[in-house]
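In: fold the stuff below for me.
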Amino acid sequence: MINVVAALIEKDNKYLIARRSTGDEKVLGKWEFPGGKVKENEDEMLAIEREILEEFELNIKAIKYLTNNIYEYPNKVVNLKLYECKYISGTFNLHDHSEYKFVNKNELLNYDLCEADIKLAEYIIENK
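Out: Numbering: from 1, shown residues only. Down below sits the predicted model:
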C-alpha cells in the first residue's frame, strides 16, 4: 500500500484542485487535491508541505488530518489522506499539473476527479 497525502487549501470559501499532467495514465488529465507520496519515515504533515512546495512552489502549513480513502487502482493500492492546510506564501508555478482552480465545494463532483479523490470530495461537501 502506498501512503499518499493530499492538501485541502481553502481560499474565499473555495477549494484548490489541480489537473494532472504527469504520472500514471489512470490519473493523467484528471483533477485532484494536490499532494504526493510520503517518503519512508517522513511525517505526513511535513510530507504535504514538501509536496506542495515541489509541485506549486507554494509554502503551506498543514493544520490537521481530515479523512482518508483506501483505493485500489489496477496496479496499486493507495491510502490517500486529506489534510487541511493553510496558504502561507508563494505564487503558483505548475510542475506536475496543467492547470489549477479554486472551486465551490458543491462543484467538486462536476470535475473529472481521480477515482481516489472522489470520496475526499464527498467528505468536503458533507463536512465543510
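In: and L113, bridged to which residues?
Out: For L113, the beta-bridge partners are W31 (DSSP bridges).
In: and it, how far from M45?
Out: Taking C-beta to C-beta, to the nearest Å as the measure, L113 and M45 are separated by 23 Å. All C-beta atoms are positioned from the backbone trio N, CA, C, and that covers glycine.
In: okay, those two: which has more neighbours?
Out: When neighbours are counted by other C-beta atoms under 10 Å, L113 comes out ahead of the other of L113 and M45, with 19 against 16.
In: in this protein, mark out all the strands, start to finish.
Out: Assigned by DSSP state E, the strands in the chain fall at 2-11, 14-20, 31-32, 35-37, 59-73, 76-89, 97-104.
In: can you lay out those as CSV showing mean pLDDT?
Out: CSV is the format used below for these (pLDDT from 0 to 100):
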stretch, mean pLDDT
strand 2-11, 97
strand 14-20, 98
strand 31-32, 98
strand 35-37, 97
strand 59-73, 97
strand 76-89, 97
strand 97-104, 98
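In: what's the most buried one of those strands?
Out: Across the strands of the chain, averaging neighbours per residue (mean count of other C-beta atoms under 10 Å) puts strand 31-32 on top, at a mean of 24.
In: no further questions, thank you.
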